[in-house]
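In: Let me see the structure of the following:
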Amino acid sequence: MGLRPALLLVGLLAGAGGGEPAIRDLSISLDGPRLLASFRLENGFSDELLARIESGLPSGFVYELELKRDRKRWSDAHLGAARLEVVAMYNAVTREFLVNIKHDGRLIESRTLQERADLEASMTQFAAFQAFTLDGASERERYLIRVRVELAPGEVLGFIPVRRTSSWVESNKVRPRR
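Out: Below is the predicted model:
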């Protein structure tokens, strides 16, 4: 088998299994200097991920966020980046899931859950999450964020490691007010 057919086979196997993971309903708002983001991950929580978590392996997602200044008829100016890490672990003795959420490496929330639906929601849905702080932002400028997610590593054919990310999604634009 040549290289091209082998790569095609790997791509088909990696994409098998339903809809592709995607960020949906991304919107931002301002609360003073705080830039708040709301979004959800669709088709990212799988039975394979749940099996990894229940086996005792810390598993989850890394959401990458980019802050941009909107510029008409030109590429948007990059102002900053952030990482939102969501990791779940299972305690077989208490039959509970522990979900830790870190923003740029700093633990911001820890939850103990018992139901799969609650676990999935806490790992894939974010409402009014403080993504960035706009210190010294100009009222004349418009700001936006882009988000994508890096999913837990997987395997193709049982031994070939693959890393999947979603496409970047762009938010609405906001303008600071005094």
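In: low-confidence ranges in the chain?
Out: 1-18, 73, 152-155, 178 (pLDDT under 70).
In: now with 50?
Out: Of all residues in the chain, those with pLDDT under 50 make up the ranges 1, 3-17.
In: could you show me where the strands are in it, in order?
Out: Along the chain, counting by DSSP state E, strands occupy 22-31, 34-42, 59-70, 77-91, 96-103, 106-113, 125-133, 142-150, 154-156, 160-162, 169-170.
In: Put together TSV for these, with distance to residue 119 on each row.
Out: No exception for glycine: its C-beta is placed from N, CA and C like everyone else's. TSV is the format used below for those (distance: least, C-beta to C-beta, whole Å):
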stretch	distance to residue 119
strand 22-31	19
strand 34-42	13
strand 59-70	10
strand 77-91	6
strand 96-103	5
strand 106-113	5
strand 125-133	11
strand 142-150	16
strand 154-156	19
strand 160-162	23
strand 169-170	23
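In: Tell me which of those lies nearest to residue 51.
Out: Nearest of these to residue 51, taken as C-beta to C-beta: strand 59-70 at 9.3 Å.
In: The closest one: partners in the sheet, and parallel or antiparallel?
Out: strand 77-91 (antiparallel), strand 142-150 (antiparallel) (DSSP bridges).
In: okay, those, which one's buried deepest?
Out: Among these, strand 142-150 has the highest mean neighbour count (mean count of other C-beta atoms under 10 Å), at a mean of 20.
In: relative orientation of that strand and strand 22-31 in degrees?
Out: Counting by axes from the mean of the first three to the mean of the last three C-alpha atoms, to 10 degrees, strand 142-150 lies at 140 degrees to strand 22-31.
In: what's next to strand 142-150, contact-wise?
Out: Strand 142-150 has contacts (C-beta atoms under 8 Å, 6 or more residues apart in numbering) with 21, 23, 26, 28, 35, 37, 39, 41, 44, 61-70, 76, 79, 131-132, 134, 137, 163-176.
In: Just the buried residues out of these, in ChimeraX syntax.
Out: Selecting only the buried entries of these in ChimeraX, with 16 or more other C-beta atoms under 10 Å as the criterion:
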select :21,23,26,28,35,37,39,41,44,61,62,63,64,65,66,67,68,69,76,131,132,134,137,166,169,171,174,176
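In: Tabulate the strands paired with strand 59-70 (TSV), appending distance to residue 108.
Out: Below are the strands paired with strand 59-70 laid out as TSV (distance: least, C-beta to C-beta, whole Å):
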stretch	distance to residue 108
strand 77-91	9
strand 142-150	17
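In: quick one: which of the ones you listed is nearest residue 103?
Out: strand 77-91 (5.7 Å).
In: C-alpha coordinates for the closest one, CSV please?
Out: C-alpha atoms of strand 77-91 as CSV (Å, rounded to 0.1, in the frame of the first residue of the first chain):
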residue,chain,number,x,y,z
ALA,A,77,-4.4,42.3,15.5
HIS,A,78,-3.4,39.5,18.0
LEU,A,79,-3.6,40.9,21.6
GLY,A,80,-3.3,37.8,23.7
ALA,A,81,-3.9,34.1,24.2
ALA,A,82,-5.3,31.9,27.0
ARG,A,83,-5.7,28.2,27.7
LEU,A,84,-8.7,26.7,29.5
GLU,A,85,-7.9,23.1,30.6
VAL,A,86,-10.7,20.9,31.8
VAL,A,87,-9.6,17.6,33.3
ALA,A,88,-11.8,14.9,34.8
MET,A,89,-10.8,12.0,37.0
TYR,A,90,-12.9,9.1,38.4
ASN,A,91,-12.8,7.8,42.0
